[in-house]
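Chemist: attaching a predicted model along with its sequence, questions to come.
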Amino acid sequence: MSEQVTSTGYGVLRDPHVNRGSAFTEPERRARRLEGLLPPGMSTLELQIARVHAELAALDNDLQKYLLLSDLRGRNETLFFAVVMADPATFMPLVYTPTVGEACQKFDHIFRGARGMYLPITARGRIKELLGNWPQRDVRFIVVTDGERILGLGDQGVGGMGIPLGKLALYTACAGVPPQCCLPITLDVGTNNHDLQEDPLYLGLRQERVRGADYLAFIDEFVAAVEALYPKCCIQWEDFANINAVPILERFRDRICTYNDDIQGTAAVALAGIFGALRLSGGKLTDQRFLFLGGGSAATGIAELISEAMALEGLPLDQARARSQLFDINGLMVTSRPDLADFQKPFAIDHAPLSNFADAVKALRPTAIIGVSTVPKLFNQQVIEAMAAINERPIIFPYSNPTSRSECTAEEAYRWSDGRAIFASGSPFPPVELAGRTFVPGQGNNVYIFPAMGMAVYATEATRVTEDMFIVAAKAVAEQVTDDNLATGLIYPPQSAIFEASLHVAERIATCIFDKGLARVPRPDDIAAHIRAAAYRPVYPG
Ligand SMILES: NC(=O)C1=CN([C@@H]2O[C@H](COP(=O)(O)OP(=O)(O)OC[C@H]3O[C@@H](n4cnc5c(N)ncnc54)[C@H](OP(=O)(O)O)[C@@H]3O)[C@@H](O)[C@H]2O)C=CC1
Ligand SMILES: CC(=O)C(=O)O
Ligand SMILES: [Mg+2]
């Protein structure tokens, strides 16, 4: 593909979308009037990657590495993606969980410059005007947060921006969604984090969070502005508190192309993990019993999708739902509890109240426990030993992020279950050596879903994101797990191959989109080839 010379001179080197730095060749330097603006030596993309690796190796702290990569992205987008995509297993933990959590917490102290958009509630009535300041016209994906539930780290105010930035970087790095059509957004409605409000460096609105009708009107105005400016855009809601996440999804899911990754993406990755786990344990999905630690967006989203998958295998939906129980800060969710939200009630059971999680495990005898509580260490020795006493192959998924919030470590789960646990965690853990065996923990993270969902929606110009697309995605992830992976305990495709894995998932989702008549482009003869042709590659145009 030959590139048109549209800009020349110093501006080229300041534009990360076109800048190639030392990789500009002599003819390119002449054509773009760059001669004299760069040292005369030339580097290939490979040499530039090696230079970045050497710089990173000299840093001993992951936040510094995050900043180096973030600055690189601001200088040379192609090189940034070439670095990350060449070795996703190494770089995902730096641009995503766990490091992105620290970047959000320290956002105001490490702020570098403009990335994405900030829409404050004080600009109500002018959101379309603000959104129109974004330089790209063909925006296809917005990842938007209001910063209230950033990973398991709570309210980070505008610092939550790290999450849309990180997630959209992975849309591209893990599935090839072109970066120029991605727009990260933070809606600033205030923060209830008083440490932030009192920090002189804080960059967001210094006010309590707006709630109720004013909040909803702001969300409505935002969605209307997106629809008006970017008619092909899919909005992904990310890291909202459940009091807003659940109603927002209900309000828009049948009206626009949208999904909530914490509810639906997480559900799909959990279902994929369960399909993988069942290949190890030999059980049937409809025979499983799930106990969730946490009863919020992620827990209820996973429980509902598992129920729908069980229903597809013939179990009536109410019986399927009865196979998932939730346990939150106030204990087991039983029907007599007066504090349950409507979205939790389908999973409440008639049972005596239980306030200790290990007691709940012993009483309910789950085959799987899934941690989405935001609280570390609650899958303690007693809990895991109880699971191992009930099950030959206990399924243990501590899904809370970042690593500091994980309900247990991989090493704890394998050790306390004598190596019998089937384990996956939201943030990555290194392999574990135990009794002469090496266990490879999987990362049960919606990163196996959202980039692929993005690629499928991008390549089909889908009008809606539906529940069955997530079941298709879960199956497509699970079917790529090999017997060799399973032999080491790994129930997800290896991260080193996440790009290929995501393209496969995208192809399956795209097929579902075409089958359901939700595409705005004609059905191609070869959907896999169509997806591949649309995928971004980090190379300098010839
Ligand atoms: N691996 C992955 O891909 C994903 C992981 N997650 C992780 O899941 C976690 C939860 O996310 P989400 O569901 O959206 O958040 P929510 O805030 O909606 O849910 C958290 C739930 O945990 C409960 N909880 C809090 N403290 C305790 C406790 N001590 N014991 C038991 N339950 C407790 C909360 O109860 P109450 O409301 O009463 O405080 C609430 O029900 C986060 O850490 C997030 O990072 C989320 C999405 C994807
Ligand atoms: C992974 C993710 O979406 C979360 O922890 O919120
Ligand atoms: Mg999230």
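Modeler: Structure received. Ligands and ions are numbered 1, 2, ... in the order given.
Chemist: residue in this structure with the shortest distance to ligand 2?
Modeler: Per C-beta to the nearest ligand atom, residue 401 is where the chain lies closest to ligand 2, at 3.7 Å. C-betas here are computed from N, CA, C, even on glycine.
Chemist: quick check: that residue vs residue 163, distance?
Modeler: Residue 401 sits 10 Å away from residue 163, going by C-beta to C-beta, to the nearest Å.
Chemist: list residues touching both of those two?
Modeler: residue 151 (C-beta atoms under 8 Å, 6 or more residues apart in numbering).
Chemist: nearest residue to residue 35 other than its sequence neighbours?
Modeler: residue 29 (5.0 Å; C-beta to C-beta, 6 or more residues apart in numbering).
Chemist: now do the contacts for the residue nearest to residue 124 when sequence neighbours are not counted.
Modeler: Excluding the flanking residues, the one nearest residue 124 by C-beta to C-beta, 6+ apart is residue 218, at 5.7 Å. With contact set as C-beta under 8 Å, 6+ apart, residue 218 has these partners: 121, 124, 127, 187, 189, 210.
Chemist: give the contact list for residue 289.
Modeler: By C-beta under 8 Å, 6+ apart, the neighbours of residue 289 are 323, 324, 325, 364, 365, 366, 367, 368.
Chemist: for residue 416, see how far away the residue nearest to the fifth one when sequence neighbours are not counted is.
Modeler: What that stands for is residue 365. Leaving aside its sequence neighbours, residue 365 sits nearest to residue 390 (C-beta to C-beta, 6+ apart; 5.1 Å). Distance, residue 390 to residue 416, by C-beta to C-beta: 13 Å.
Chemist: quick one: which of these two has more around it?
Modeler: Taking other C-beta atoms under 10 Å, residue 390 and residue 416 do not tie; residue 416 has more neighbours (23 against 15).
Chemist: dihedrals phi and psi, the more buried one?
Modeler: phi -70, psi -10 (degrees, to the nearest 10).
Chemist: these two touch, right, it and residue 386?
Modeler: No - between residue 416 and residue 386 there is no contact, the gap being 9.8 Å when judged by C-beta atoms under 8 Å.
Chemist: what confidence value was assigned to residue 5?
Modeler: Looking at residue 5, its pLDDT stands at 54.
Chemist: make residue 1 into 49 and carry on from there
Modeler: In the new count, where the first residue is 49, that last one comes out as residue 53.
Chemist: close to ligand 1: what parts of the stretch 399-548 of the chain are there?
Modeler: 420-423, 426, 447-449, 453, 474, 492-494 (C-beta under 6 Å from any ligand atom).
Chemist: any of those residues buried? List them.
Modeler: 420, 421, 422, 426, 447, 448, 449, 453, 474, 492, 493, 494 (16 or more other C-beta atoms under 10 Å).
Chemist: how about those, which pair is most distant?
Modeler: Spanning the widest gap among these are 426 and 494, at 21.1 Å by C-beta to C-beta.
Chemist: need the contact list for residue 276.
Modeler: residue 176 are the contacts of residue 276 under C-beta under 8 Å, 6+ apart.
Chemist: circling back: assign the residue of the chain closest to ligand 2 to helix, strand or coil.
Modeler: coil (DSSP: H, G, I helix; E, B strand; the rest coil).
Chemist: ok, now which ones touch it?
Modeler: 145, 146, 149, 199, 200, 474, 475, 493.
Chemist: if we go to 6 Å?
Modeler: 145, 199, 200, 474, 475 (C-beta atoms under 6 Å, 6 or more residues apart in numbering).
Chemist: low-confidence stretches in this structure?
Modeler: Across the chain, the ranges flagged by pLDDT under 70 are 49-54.
Chemist: what residue in the stretch 49-198 of the chain comes nearest to ligand 1?
Modeler: Closest point on the stretch 49-198 of the chain to ligand 1, by C-beta to the nearest ligand atom, is residue 197, at 5.1 Å.
Chemist: burial measure for the closest residue to ligand 1 within the stretch 299-448 of the chain, as a count.
Modeler: The stretch 299-448 of the chain approaches ligand 1 most closely through residue 344 (2.0 Å), counting by C-beta to the nearest ligand atom. By other C-beta under 10 Å, 24 other residues sit near residue 344.
Chemist: what does residue 105 give?
Modeler: 9.
Chemist: which residue comes closest to residue 485 once chain neighbours are left out?
Modeler: residue 467 (6.2 Å).
Chemist: shouldn't the one you found be in contact with residue 482?
Modeler: Yes - with contact defined as C-beta atoms under 6 Å, residue 467 counts as touching residue 482 (5.3 Å).
Chemist: quick one on the thing from earlier: residue 353: which of the buried ones among the residues of the stretch 399-548 of the chain next to ligand 1 is nearest?
Modeler: residue 494 (11.9 Å).
Chemist: which pair of the residues of the stretch 399-548 of the chain next to ligand 1 spans the longest distance?
Modeler: That would be 426 and 494, which, of those, are the farthest apart (C-beta to C-beta) at 21.1 Å.
Chemist: just give me how far stretch 468-487 sits from the chain centre.
Modeler: Taking C-alpha atoms, centre = their mean, to the nearest Å, one finds stretch 468-487 lying 22 Å from the centre of the chain it belongs to.
Chemist: mind listing what's buried along it?
Modeler: Result for stretch 468-487 [16+ other C-beta under 10 Å]: buried residues 468, 469, 470, 471, 472, 473, 474, 475, 476, 477, 480, 487.
Chemist: not counting it itself, show me its contacts.
Modeler: Residues contacting stretch 468-487 (C-beta under 6 Å, 6+ apart): 141, 145-146, 321, 325, 328, 436, 441-451, 454, 458-459, 461-462, 467, 488-493, 537, 539.
Chemist: end to end, how far does that stretch reach?
Modeler: 10 Å (C-alpha to C-alpha, to the nearest Å).
Chemist: hmm, it touching ligand 3?
Modeler: No - Stretch 468-487 does not reach ligand 3 (C-beta under 5 Å from the ion); its nearest approach is 9.4 Å.
Chemist: where's the residue lying closest to the residue of the stretch 49-198 of the chain closest to ligand 1 once chain neighbours are set aside relative to residue 203, distance?
Modeler: Once flanking residues are discounted, residue 197 sits nearest to residue 289: 4.7 Å by C-beta to C-beta, 6+ apart. The gap separating residue 289 from residue 203 is 8 Å, by C-beta to C-beta.
Chemist: in terms of neighbours, single out the busier of the two.
Modeler: residue 203 (20 against 17).
Chemist: that one: what secondary structure?
Modeler: On the three-state scheme (three-state DSSP), residue 203 is labelled coil.
Chemist: so it touches residue 239, yeah?
Modeler: Yes - at 5.5 Å, residue 203 counts as touching residue 239 under the criterion of C-beta under 6 Å.
Chemist: let me see the backbone angles for residue 289.
Modeler: phi -60, psi 150.
Chemist: repeat for residue 446
Modeler: Taking degrees, to the nearest 10 as the convention, residue 446 sits at phi -80, psi 100.
Chemist: what about the nearest residue to it once chain neighbours are set aside, neighbour count?
Modeler: Distances taken as C-beta to C-beta, 6+ apart place residue 455 nearest to residue 446, at 3.5 Å, with adjacent residues excluded. By other C-beta under 10 Å, 31 other residues sit near residue 455.
Chemist: for the lengthiest strand in the chain, packing partners?
Modeler: Longest strand of the chain, by residue count under DSSP state E: strand 230-236. Counting by 3 or more C-beta pairs under 6 Å, 6 or more residues apart in numbering; DSSP states H and E, the packing neighbours recorded for strand 230-236 are strand 165-168, strand 189-193, helix 210-223.
Chemist: from the contact counts, what lies against the next helix or strand after it?
Modeler: For strand 230-236, the following helix or strand on the C-terminal side (DSSP states H and E) is helix 242-246. On a contact count with 3+ C-beta pairs under 6 Å, 6+ apart, helix 242-246 meets no helix or strand.
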